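Colleague: just a sequence and a predicted model for now, questions to come.
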Amino acid sequence: MNLNLAEKKLIIERYLFVINVRFNIKREHITLGLPVFLAILFLSFALVTGHTFPVGETGSSVSGEAAEKLDSYEQLVAEMEAQENGESTAAVEENVSREGTLPLEEKSKADMDQMLVIAFIIATLPYSIDVLMQKRKLRKQEVAFSEFLYKLSELMRGGIDPVKGIIALSQGELGVVKKEVQDCASFLVLGHSLEYSMNRLNEAIGSKLVAKYINIIVEAAHTGGNVADLVFRTSEDMRAVISLEREKENNLKQYAVVFYLAQGIMVLLVYILSSSLLPLVQGTGMAMLGGQGASDINFKQGFFHMIALNALFGGMIIGMITEGDLKQGLKHTNLLLAASYIACVMIILPVATPQTYNIAIESGGDQIVMSGIPLRDPVVFNVTDMDGNPAKSVEVKMSISPSGSVSSGTTNNEGIYRVKPAPSQKGGVYIVKATVGRSYNSTTVTVQQF
């Protein structure tokens, strides 16, 4: 049974070797090429299933605008029918003044930006993990190679030839460089020169630090002299360099901690802005930024883009500062992106399911004003929950159609919201609509020409 397993393992290794030689497959083809292909498939599937980029207004604002257009259309039709039938404007006001509940909206699929973040993580996470593992392995190989040089120098001090010393050491315990040293010894046994064998050892390890010291040893072997002392000093110098590099990286890790803390603080500030300040600013009408229309701007989506871009470039900067290599920053980028995405999805981007309220017009409804004269009394809305309790500090979104201006806001402790809409100077019936959650109620303002 063991023989069969060994034979099968040997056959698999042989086929893998043949495939590698024939197609020249590199690690990047597996760790980067395949994940990128999977990420492209993921994005293609997202596009096919209806996911789109968040362009323009959000779904709620679009539906609100559509409702306002419908109100304007119905109001215009009512006016035309009233004029044809000789009815009064009061009859028109009764027809357009109404209350009701909006249907629940389906979850928006305008989240292709989130799909891009997920696809980026899918494409680069395996490669970043492989780069991290390769670097750790390389560090261990460098330490083990310095130990190998020390042992070789001790053998050479005892009068043993470097070639025989390498062959003898290959049979002992050398840690993570044992296989590479054994291959080097095999080249020496087959009659290859010390320079050729050491160069093959250098290629197998793939470290710039190891390559520098191998060149020193090869040149010393050509020139002659006290090679044993040179190899010993080389091993000591290599240990010192490795120690200095580790100390430097440990000192630079504090900058990585600063970047991580900055990203966390940014997410926290965005959460505070989106949960506390933005509803207040949007509720006042955003007069400085364009009035009522600015309340439909999707600030949360913009904040999410800012956080994602900061995580993307911040991780790369961490890699360049701490390790001097851009690809070493991919692990920081993936970690920051994943953590920021989870935080945004959980506390920033989600929109709570709108509740149902009772909205009653206490006073100020169905007013008649002359053109160019503001309303005499404010329109007072009383908002309560389904149990009849006052709805405190809930957002009241106001709209007026077909034209004019009105400010949104929040209810007071008694569930009251007062507002003075400003219709345009054109005569006609204007619909003033208050929306709280899924519920809405509307009244009319009639503007008469002089």
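Modeller: Cool, the structure landed.
Colleague: all contacts plus neighbour counts: C-alpha atoms, from now on.
Modeller: Noted.
Colleague: go ahead and confirm S403 touches K426.
Modeller: No: counting by C-alpha atoms under 8 Å, S403 stays clear of K426, with 9.1 Å between them.
Colleague: next, count neighbours for the closest residue to M370 other than its chain neighbours.
Modeller: Distances taken as C-alpha to C-alpha, 6 or more residues apart in numbering put Q448 closest to M370, at 4.8 Å, once the chain neighbours are dropped. Residues lying near Q448 (other C-alpha atoms under 10 Å) number 15.
Colleague: H305 too?
Modeller: 15.
Colleague: pLDDT wise, what is it at?
Modeller: Note on H305: pLDDT of 93.
Colleague: again, but for L188
Modeller: 90.
Colleague: what helix or strand does it sit in?
Modeller: Using DSSP states H and E, L188 sits within helix 178-189.
Colleague: L152 too?
Modeller: Assigned by DSSP H and E, L152 falls in helix 112-157.
Colleague: may I see the buried residues of the next helix-or-strand element following that helix?
Modeller: Using DSSP H and E, the helix or strand that directly follows helix 112-157 along the chain is helix 162-169. Within helix 162-169, the residues that count as buried by 16 or more other C-alpha atoms under 10 Å are 162-167, 169.
Colleague: and the residues you listed, which is closest to N413?
Modeller: L169 (84.4 Å; C-alpha to C-alpha).
Colleague: state the distance from the closest one to E142.
Modeller: 17 Å (C-alpha to C-alpha, to the nearest Å).
Colleague: repeat for D387
Modeller: Taking C-alpha to C-alpha, one finds D387 at 73 Å from E142.
Colleague: domains for the protein, by residue range?
Modeller: Using automatic domain parsing, the domain parsing of the chain gives 60-104+354-448, 134-245, 252-348.
Colleague: what mean pLDDT does the longest one have?
Modeller: For domain 60-104+354-448, the mean pLDDT works out to 75.
Colleague: what about stretch 158-167, average pLDDT?
Modeller: 88.
Colleague: for the protein, just list every one of the strands.
Modeller: 99-101, 358-363, 367-370, 379-384, 395-401, 404-405, 409-410, 416-419, 422-423, 428-436, 439-448 (DSSP state E).
Colleague: among the ones you listed, which is nearest Y127?
Modeller: Comparing the strands of the chain by C-alpha to C-alpha, strand 395-401 comes nearest, at 47.1 Å.
Colleague: tell me the strands beside that closest one, with direction?
Modeller: Partner strands and pairing direction for strand 395-401 (DSSP bridges) are strand 409-410 (antiparallel), strand 428-436 (antiparallel).
Colleague: now the strands of the chain as a markdown table including distance to N334?
Modeller: Shown next, in a markdown table, are those (distance: least, C-alpha to C-alpha, whole Å):
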| stretch | distance to N334 |
| --- | --- |
| strand 99-101 | 43 |
| strand 358-363 | 47 |
| strand 367-370 | 59 |
| strand 379-384 | 46 |
| strand 395-401 | 37 |
| strand 404-405 | 46 |
| strand 409-410 | 40 |
| strand 416-419 | 47 |
| strand 422-423 | 51 |
| strand 428-436 | 40 |
| strand 439-448 | 42 |
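Colleague: of all these, which one is nearest K151?
Modeller: Nearest to K151, of the strands of the chain and by C-alpha to C-alpha, is strand 395-401 at 76.9 Å.
Colleague: helices along the stretch 251-400 of the chain, start to end?
Modeller: All helices of the stretch 251-400 of the chain, identified by DSSP state H, counting those that start in this stretch, fall at 278-283, 299-323, 330-343.
Colleague: so what touches the second one?
Modeller: Right, the one you point to is helix 299-323. 113, 117, 249, 252-253, 255-256, 259, 263, 266-267, 270, 274, 325-334, 336-337, 340-341, 344, 348-349 (C-alpha atoms under 8 Å, 6 or more residues apart in numbering).
Colleague: so it versus helix 330-343, what angle?
Modeller: Orientation check (axes from the mean of the first three to the mean of the last three C-alpha atoms, to 10 degrees): helix 299-323 against helix 330-343 gives 160 degrees.
Colleague: neighbours of D387, just the number please.
Modeller: 8.
Colleague: residue numbering should commence at 4 henceforth.
Modeller: Sounds good: first residue 4 from here, last item D390.
Colleague: could I get the phi/psi values of it?
Modeller: Main-chain dihedrals, D390, degrees, to the nearest 10: phi -90, psi 0.
Colleague: check contacts around it.
Modeller: D390 neighbours (C-alpha under 8 Å, 6+ apart): none.
Colleague: separation between it and T438?
Modeller: Here D390 is placed at a distance of 18 Å from T438 (C-alpha to C-alpha).
Colleague: what does L280 give?
Modeller: 20 Å.
Colleague: next one: E176
Modeller: Distance from E176 to T438, by C-alpha to C-alpha: 77 Å.
Colleague: compare the two (neighbour count), which wins?
Modeller: The neighbour comparison of E176 against T438 (other C-alpha under 10 Å) goes to T438, with 22 against 10.
Colleague: is it true that the more buried one touches V399?
Modeller: Yes: applying C-alpha under 8 Å, one finds T438 in contact with V399, separated by 5.7 Å.
Colleague: using JSON lines, lay out the buried residues of helix 165-172 together with distance to S411.
Modeller: What follows is the buried residues of helix 165-172, written out as JSON lines (distance: C-alpha to C-alpha, whole Å):
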{"residue": "P165", "distance to S411": "86"}
{"residue": "V166", "distance to S411": "87"}
{"residue": "K167", "distance to S411": "88"}
{"residue": "G168", "distance to S411": "86"}
{"residue": "I169", "distance to S411": "83"}
{"residue": "I170", "distance to S411": "85"}
{"residue": "L172", "distance to S411": "82"}
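Colleague: who does the helix holding L191 touch, helix- and strand-wise?
Modeller: Other helices and strands packing on helix 181-192, by 3 or more C-alpha pairs under 8 Å, 6 or more residues apart in numbering; DSSP states H and E, are helix 165-172, helix 197-208.
Colleague: repeat that with 10 Å
Modeller: Using 3 or more C-alpha pairs under 10 Å, 6 or more residues apart in numbering; DSSP states H and E, the elements in contact with helix 181-192 are helix 115-160, helix 165-172, helix 197-208.
Colleague: which one, of those, ends up nearest to N229?
Modeller: helix 115-160 (9.2 Å).
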